[in-house]
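Participant: sequence and predicted structure are below.
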Amino acid sequence: MRHIPLGRTATRVTDYCLGTMTFGTHTPEAEAHRQLDMAAEAGIDFLDTAEMYPVAPVRAETVGRSEDVIGNWIAASPGNRDRYRIATKITGKNASFVRFDEDITPETFVAAFEGSLKRLRTDHIDLYQLHWPNRGSYHFRQNWSYDPSGQDRAATLDHIGGVLEAAQRLVEAGKLGAIGLSNESTWGTAQWLRMAEDHGLPRVASVQNEYSLLCRLYDTDMAELAVNEDVTLLAFSPLAAGYLTGKYLGGAVPEGSRKTHIPDMGGRASDRVDAATAAYLGIAERHGLDPVHMALAFTVQRPFPVSTIFGATTTDQLSRILSGLDTHLSDEVLDEIDAAHRAHPMPY
């Protein structure tokens, strides 16, 4: 298990991160606690959650439950808090039932942060992320009709400055380690970095964007920024919400799978995704690789800093993932992946 720097901070984290977005619903609390133990025993020391979790679907009555589940695990044993670096997020207005369609402001940033501290039963959060930009985002398939022309640049910059000042106060109080972004763009990330450097405020350490064999929007401008500015990608959905396991191939919908709850799979279901998935499954089969292990290994071998977030509904699924975290892909496999990507560049 490799440890990599979290941005330009002194913190180092494993290049794999345990995702917890099903904790408290599809993954019952006792099983979630077992997963936390299993991942730590495998050497993983980084976990990700959010105030809006669990998801698939997000419901008003379950907001915060994943953090509660983690907090109960932390409280169960004095040493548990030290086993993980914890990342969580303020939702923003994309889940209006969290704070009624309000933008993230310095005040809501601090209030949400304190709420997460309470639910997590800890006195500090290692990485606190903005789940969505106030101005909107092209992520989650919004790129097909993305239109930034209505954005208010001055309002965006004022927002960034105010939130960074609030983050600075939390850092000074010893409650916050670093700040991160999610579902962000190159321009947006650059503004956060510029504001921090111009005013001596906390520097963005990471950006949590979707990244997998089937979703590679990060590969160009964001990758260049990440390398030159030391921003760590926290790659979410590295298994493409389960597509890269092969379980949805040919229109299959396994009982209890995410597709039974969200038929369009967050916009991932398309008439192109089967062919792309089959191409990657074929590469894995030819080289004797578990397709899950191949998909995850691909993400951490990219030429930019990355810690990949994986999640598992069950301990059996987690065991399969953990058994392959030392997988390293050969140049031959990577060449075949490159050819498949050229043939299937945007499956969804």
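Facilitator: Great, that's in hand.

Participant: rest of the way, CA atoms for contacts and neighbours
Facilitator: Fine.

Participant: now do the same for the closest residue to L249 other than its chain neighbours: helix, strand or coil?
Facilitator: Sequence neighbours aside, D274 is the residue nearest to L249 in space, at 5.9 Å (criterion: CA to CA, 6 or more residues apart in numbering). What DSSP: H, G, I helix; E, B strand; the rest coil gives for D274 is helix.

Participant: surely D274 is in contact with A252?
Facilitator: No. Here D274 lies out of contact with A252, judged by CA atoms under 8 Å, at a distance of 10.6 Å.

Participant: so between those two, which is more surrounded?
Facilitator: Neighbour totals were compared for D274 and A252, and D274 leads with 18 against 10 (other CA atoms under 10 Å).

Participant: kindly provide the distance from that one to P347.
Facilitator: 8 Å (CA to CA, to the nearest Å).

Participant: which residues are common contacts for the two?
Facilitator: Common neighbours of D274 and P347, counting by CA atoms under 8 Å, 6 or more residues apart in numbering, are absent.

Participant: got the buried residues for stretch 82-90?
Facilitator: Within stretch 82-90, the residues that count as buried by 16 or more other CA atoms under 10 Å are R83, Y84, R85, I86, A87, T88, K89, I90.

Participant: just stretch 122-135 next, same as before
Facilitator: Buried, per 16+ other CA under 10 Å, within stretch 122-135: H124, I125, D126, L127, Y128, Q129, L130, H131, W132, P133, N134.

Participant: same thing with stretch 323-332?
Facilitator: By 16+ other CA under 10 Å, the buried positions in stretch 323-332 come out as G324, L325, L329.

Participant: the residues you listed in strands, which ones?
Facilitator: Of the buried residues of stretch 323-332, none are assigned to strands by DSSP state E.

Participant: P133 - nearest residue in space that isn't next to it in sequence?
Facilitator: E184 (6.6 Å).

Participant: quick check: the one you found is in a helix.
Facilitator: No. Assigned with three-state DSSP, E184 falls outside any helix and is coil.

Participant: so what pLDDT did it get?
Facilitator: Per-residue pLDDT puts E184 at 97.

Participant: isn't it up against V207?
Facilitator: Yes. Assessed by CA under 8 Å, E184 is found in contact with V207 at 6.9 Å.

Participant: neighbour count winner among those two?
Facilitator: Using other CA under 10 Å as the criterion, E184 and V207 rank with V207 on top: 26 against 20.

Participant: quick one: secondary structure of the more buried one?
Facilitator: strand.

Participant: give the contact list for it.
Facilitator: By CA under 8 Å, 6+ apart, the contact set of V207 is G180, L181, S182, N183, E184, T189, V231, T232, L233, L234.

Participant: compute the distance between the fifth one and G92, please.
Facilitator: By that I understand E184. From E184 to G92 the distance is 13 Å (CA to CA).

Participant: residues shared between the contacts of these two?
Facilitator: W132, P133.

Participant: about what we covered before: dump the buried residues of stretch 82-90 into JSON lines; add secondary structure, pLDDT and distance to A30 as well.
Facilitator: Output for those, formatted as JSON lines (DSSP: H, G, I helix; E, B strand; the rest coil; pLDDT from 0 to 100; distance: CA to CA, whole Å):
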{"residue": "R83", "secondary structure": "helix", "pLDDT": "98", "distance to A30": "18"}
{"residue": "Y84", "secondary structure": "coil", "pLDDT": "98", "distance to A30": "18"}
{"residue": "R85", "secondary structure": "strand", "pLDDT": "98", "distance to A30": "21"}
{"residue": "I86", "secondary structure": "strand", "pLDDT": "98", "distance to A30": "19"}
{"residue": "A87", "secondary structure": "strand", "pLDDT": "98", "distance to A30": "21"}
{"residue": "T88", "secondary structure": "strand", "pLDDT": "98", "distance to A30": "21"}
{"residue": "K89", "secondary structure": "strand", "pLDDT": "97", "distance to A30": "23"}
{"residue": "I90", "secondary structure": "strand", "pLDDT": "96", "distance to A30": "26"}
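
Participant: Throw these into a markdown table and include distance to G64, thanks.
Facilitator: Listed next are these as a markdown table, based on distance: CA to CA, whole Å:
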| residue | distance to G64 |
| --- | --- |
| R83 | 21 |
| Y84 | 19 |
| R85 | 19 |
| I86 | 15 |
| A87 | 14 |
| T88 | 11 |
| K89 | 11 |
| I90 | 11 |
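
Participant: can you name the farthest residue from the center of the protein?
Facilitator: Most distant residue from the mean C-alpha position of the chain: R286, 29.8 Å away (CA atoms, centre = their mean).
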